[in-house]
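Colleague: Sharing a sequence plus its predicted fold:
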Amino acid sequence: MTCRPPRSDPRLCVLLCCAVLAVCAAASSTGAGVCQSPGVASCTDCLCRGPQCAWCFQKDFLYGSEPSRRCDLPENLRRRGCGSEFIEQSEVKVELNATLSGTQVSPRGISITLRPGSQASFVVAVKQLQRYPLDLYYLVDVSASMQENLNHLKTVGVALSLRMTEHSSDLWLGFGSFVDKPVSPYISVHPSKINNPCSDYEIRCRPAHGFHHVLSMTGNMSEFTRVIKRQRISGNMDTPEGGLDAMLQAAVCQNAVGWRPEAKRLLLLMTDQPSHLALDSRLGGIVVPHDGQCHLENNVYTGSTRMDHPSLGQLSDKLLENNIHSVFAVEKQQYQWYEELVQLLPGSYLGKLGIFQAPNLIDLVVDAYKRLLSEVAVSVSVEDLAVSRFWVSVSPICPQGSTRKDQSCSGVQPGQTVHFNITIGQHACSADGKDNDVVVLVHPVGYNESTVVRVHSKCGCKCRPTGRCNEDVQSPCSSQELRPDHGHLKDLNIDLNGSCRADGWNVDCSSRGVCECGKCVCEQSRLGLIFGKYCEMDDFSCPYNRELLCGGHGVCVSGECVCQEGWTGESCGCPTSPTTCQSPDGFICSGQGKCVCGKCVCDDPQHSGEFCEGCRICQIKREICKNVDCSHSLKGAEHCNITCAQLVGPIEDLSERVSSGRLLGTFLSVCVLTVLCGLVVVAVSQLLMQKRARSPGGASAEGGYHCTGKDVSYIPTTNEKTVTYRRDRPPDHLLEMHIQVPKMPLGDLWQY
């Protein structure tokens, strides 16, 4: 069968490739809707929906639900209980073959595995060498109007060879001529003009010909000059010439022309007229399309009168296939016509010839050679039978100093490398729906090396041996003997209803489906999916853990998670194995706790860390015991050893240990300082009392409180203190001094 992927906007594909995580999440949501189409009934149908879809072929998966439920995003299938080993999904593989050193193109071979809707990318590197050997084949229009250019060509060979020594390590030249197809109306068929088209001008010309190979590739410039001097002009009737027909023969006749495999190949076409195109030969009664093959006998093109001119696409393919650059040297008046032509021929160059002269031909060849080598491009071709099932995109990564031009790089210097990021995608499978291999050729224009890409088109599913690539959607009640008109359906349903009830249940299909011929067909719920032999399972009534139903380690049965072996807990999120709690030293929770639900719970709250290996309080105690004085004291040494236990560490430096003598000195210093401070306070107090006694408003000799006449009822408040000092003066009686130290009443603060 042929996969028909859903239509999608090409711009969306670009966004999916370049988007950030948020866009990818949105794309995943859209992909889930595509995968869950009701029309999907088999693994092949599912995978044809797109590269994001997967098929679960696990037995009894979502039992009782529609077969299309087996097709979904891989993460959704795993969340619903499908094991990863039972998931069939699009698999994209890219394998690079080893590349030999010294090659211009790498890698030389690539293997890719694709499915419909998927794509794969790889990079091809093309290196520009410093100096290439060069094969230059002159293909010259020898009609009468080209006489002057042909004469100037006689002096080109040696001069061009000397000039090209700056750019090429070895230059070889070849030569061929053309006019047009030797049939009417392109030539005159009058007997006197067939052998001598120039008979009207009393000039001896050679007969018209489609293509004549004159000189094979040679490095002997003298031989090239000698052959050019022997050439004679010819003639024809119409204006266009048969240049493209001759170019194809010069390209495909490898052995006759003598193209060298290791050399750069330039095919130079010299003419002053436009060229015939495909279908033009019908004027001469020639309707057979060109077969693209070599038809030379005795160096003469014998198919000129039997086959049409080649199309531009056919000529382009042959030039690329044989690693040939084309150079057009034309007269000024025909420049515009060929300017449009070279845009359709990869690796081509167009230059102008002067009117009736060719002194600039050497500069034209040198410029063409430099320009063509500095522009690096690739051509990607797919087998004809599979071209409609695949698509290809090319994105060049140009080196520094060069310029990107569409799908090529121009201005590339010798020694630099151009990288091409190539993406191949698959639209559909073959008509028979079987797996097959397709060869895609990545060929740098003008290079004799290429990258062969073998695409393994996967259209089948690995679940075929299990027989679960598709579900039998036919109900057992639909067979001939069970149809209602036979009278057996009702009785059969009554007999088989018991098989739709779980043990201990007295309702069919857990009250969430109907029993049809002994099988539960679960109902559709807006909350989620209901499935199971008795419709007892679903994907919405049990707790989730890590965004997975029952943690992905169980199934939801009657609202409770039934965990797989090795897992426990309400949401199957707790492993029964304590290996996750094992510390690096091999102990469970470092011996300081218990493993609960795969995590350590420390016995002492002072311990912390993933494995209860940390204890801040213990560290503090350890530091205290390291410096405790008793560990170095003769008294209580046994008690210190018991108290600090293993927390006591050896101290090598005892210079800072506090001794009992130092403690006594410190105590005496504090006592002396306290006495001195007390004496100072007493002295200051005596001075204040003496000053108070001499002042007129001082206290009376009798002591007591001093009250004015305005307020005889004045009594000291709680905010005042009375300080009494006694002194023996005179000696015969005591003199008491009362000093009132008032404090500001709290009430006064609020009054102001």
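Modeller: Looks like it arrived, so ask away. Predicted model, so just to flag it, every value in this text is computed and none were measured.
Colleague: Give the buried residues for the longest helix anywhere in the chain.
Modeller: Secondary structure of the chain per DSSP state H: the longest helix is helix 660-694. Within helix 660-694, the residues that count as buried by 16 or more other CB atoms under 10 Å are Ala693. For glycine as for every other residue, the C-beta is placed from the backbone atoms N, C-alpha and C.
Colleague: mean confidence for the strand or helix carrying Ser379?
Modeller: For Ser379, the host element (DSSP states H and E) is strand 376-382. Mean pLDDT, strand 376-382: 92.
Colleague: Give me the distance from it to the chain's centre.
Modeller: Mean-position distance between strand 376-382 and its chain equals 23 Å (CA atoms, centre = their mean, to the nearest Å).
Colleague: Which secondary structure elements does the very next helix or strand once past it sit against?
Modeller: Moving toward the C-terminus from strand 376-382, the next helix or strand (DSSP H and E) is strand 390-397. Packed against strand 390-397 by the contact rule (3 or more CB pairs under 8 Å, 6 or more residues apart in numbering; DSSP states H and E) you find strand 376-382, strand 417-426, strand 436-444.
Colleague: Compute the inter-axis angle for the last one and strand 376-382.
Modeller: Right, the one you point to is strand 436-444. Using axes from the mean of the first three to the mean of the last three CA atoms, to 10 degrees, the inter-axis angle of strand 436-444 relative to strand 376-382 is 160 degrees.
Colleague: Direction included, what does strand 436-444 pair against?
Modeller: Note on strand 436-444: by DSSP bridges, its sheet partners are strand 376-382 (antiparallel), strand 451-457 (antiparallel).
Colleague: and that strand, C-alpha only, in CSV?
Modeller: Extracted C-alpha coordinates of strand 436-444, given in CSV (Å, rounded to 0.1, in the frame of the first residue of the first chain):
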residue,chain,number,x,y,z
ASN,A,436,13.2,-1.1,-0.4
ASP,A,437,16.5,0.7,-0.9
VAL,A,438,17.0,3.8,-2.9
VAL,A,439,20.3,5.3,-4.1
VAL,A,440,20.7,9.1,-3.8
LEU,A,441,23.9,10.5,-5.4
VAL,A,442,25.4,13.7,-4.1
HIS,A,443,27.8,14.9,-6.8
PRO,A,444,29.9,18.1,-6.6
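Colleague: Return the set of buried residues in it.
Modeller: Asn436, Val438, Val440, Leu441, Val442, His443, Pro444.
Colleague: and if you look at stretch 49-63?
Modeller: 49-58, 61-63.
Colleague: again, but for stretch 511-527
Modeller: Quick answer for stretch 511-527 (16+ other CB under 10 Å): Arg512, Gly513, Cys515, Glu516, Cys517, Lys519, Cys520, Val521, Cys522.
Colleague: Which element, helix or strand, includes Cys595?
Modeller: strand 593-596.
Colleague: After that strand, which helix or strand is next? Please name it.
Modeller: strand 599-602.
Colleague: who does the following helix or strand past that next one touch, helix- and strand-wise?
Modeller: Later in the chain than strand 599-602, the nearest helix or strand by DSSP H and E is strand 607-608. Other helices and strands packing on strand 607-608, by 3+ CB pairs under 8 Å, 6+ apart, are strand 614-615.
Colleague: ok, residues contacting the strand it packs on?
Modeller: Strand 614-615 is contacted from outside by Gln592, Asp604, Gln606, His607, Ser608, using CB atoms under 8 Å, 6 or more residues apart in numbering.
Colleague: Tell me the spacing between Val287 and Ala431.
Modeller: Distance, Val287 to Ala431, using CB to CB, to the nearest Å: 31 Å.
Colleague: Leu527 too?
Modeller: For Leu527 relative to Ala431 (CB to CB), the value is 43 Å.
Colleague: Also Cys597?
Modeller: For Cys597, the distance to Ala431 - CB to CB - is 56 Å.
Colleague: higher neighbour count, these two?
Modeller: Legend: neighbour count by other CB atoms under 10 Å for Cys597 and Ala431, higher for Cys597 (13 against 10).
Colleague: Which positions within stretch 282-298 qualify as buried?
Modeller: Gly284, Ile286, His290, Gly292, Cys294, His295, Leu296.
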